[in-house]
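S.K.: Take a look and give me a structure for this.
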Amino acid sequence: MNLDFRLVIFEGIIEIDRVPIYECEEGCFYEVFPAIKEDLKELLASLKQQGKTGRVIFTEMNELAHFIFEIYRTWDEGEASSFEALLEQKSNEHINLLLDLYGCAKSMNDTEWMNETSNRLAQMSNIVKDRQFSEVNQRFPY
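M.R.: This is a model prediction of the structure:
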């Protein structure tokens, strides 16, 4: 499966651009990147409830999608490390940075900044949960 970013059209009225997806080598099967699937569903439900139409850039609305997109844009397939290994390393670094930001916001009693950082951390934690789930499934396939 290869990683790519696609335009998702929801009910013919909402376009969500830059959605990370996995696609098979032949291009016949697509799957939304598992760690962002729930966030994408929540966004679609929210946009539908608000009656929004038009185009939305997912990487501008989701921390994890933006993060994956930035790594994807700069990663070279010729690099020694795989994309997955680089994503794991960079996501750990980014989570640590967000935790530092949260600590700073907390020390300043800035609840708005704390809430924003907490939301960003929640989105980034999806990749950790997804990775842990995959590791368990590899160890115990039954």
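
S.K.: those strands in the chain, which residues are they?
M.R.: 2-10, 14-23, 30-32, 54-57 (DSSP state E).

S.K.: Tell me where this protein has helices.
M.R.: 37-50, 63-74, 83-107, 111-139 (DSSP state H).

S.K.: Return the most buried member of these.
M.R.: Mean neighbour count, computed with mean count of other CB atoms under 10 Å, is highest for helix 63-74 among the helices of the chain, reaching a mean of 18. In this view, the C-beta of every residue, glycine as well, is placed from N, C-alpha and C.

S.K.: and G12, how many neighbours?
M.R.: Residues near G12, counting by other CB atoms under 10 Å, number 7.

S.K.: Could you do the one 10 residues further on as well?
M.R.: Look at Y22: counted by other CB under 10 Å, it has 14 neighbours.

S.K.: how near is it to G12?
M.R.: 24 Å (CB to CB, to the nearest Å).

S.K.: same deal with M1?
M.R.: Counting by CB to CB - M1 and G12 are separated by 27 Å.

S.K.: Can you report how many residues neighbour N62?
M.R.: The burial count for N62: 24, using other CB under 10 Å.

S.K.: so how far is G103 from it?
M.R.: Distance from N62 to G103, by CB to CB: 23 Å.

S.K.: nearest spatial neighbour of N119, skipping sequence neighbours?
M.R.: Leaving out its chain neighbours, the residue that sits closest to N119 by CB to CB, 6 or more residues apart in numbering is E63, at 7.7 Å.

S.K.: low-scoring stretches of the protein, by residue?
M.R.: Applying pLDDT under 70 to the chain picks out residues 27, 77-80, 129-142.

S.K.: before we move on, the earlier item: surely the residue nearest to N119 and Q123 touch.
M.R.: Yes. Between E63 and Q123 a contact is recorded at 4.2 Å, counting by CB atoms under 8 Å.
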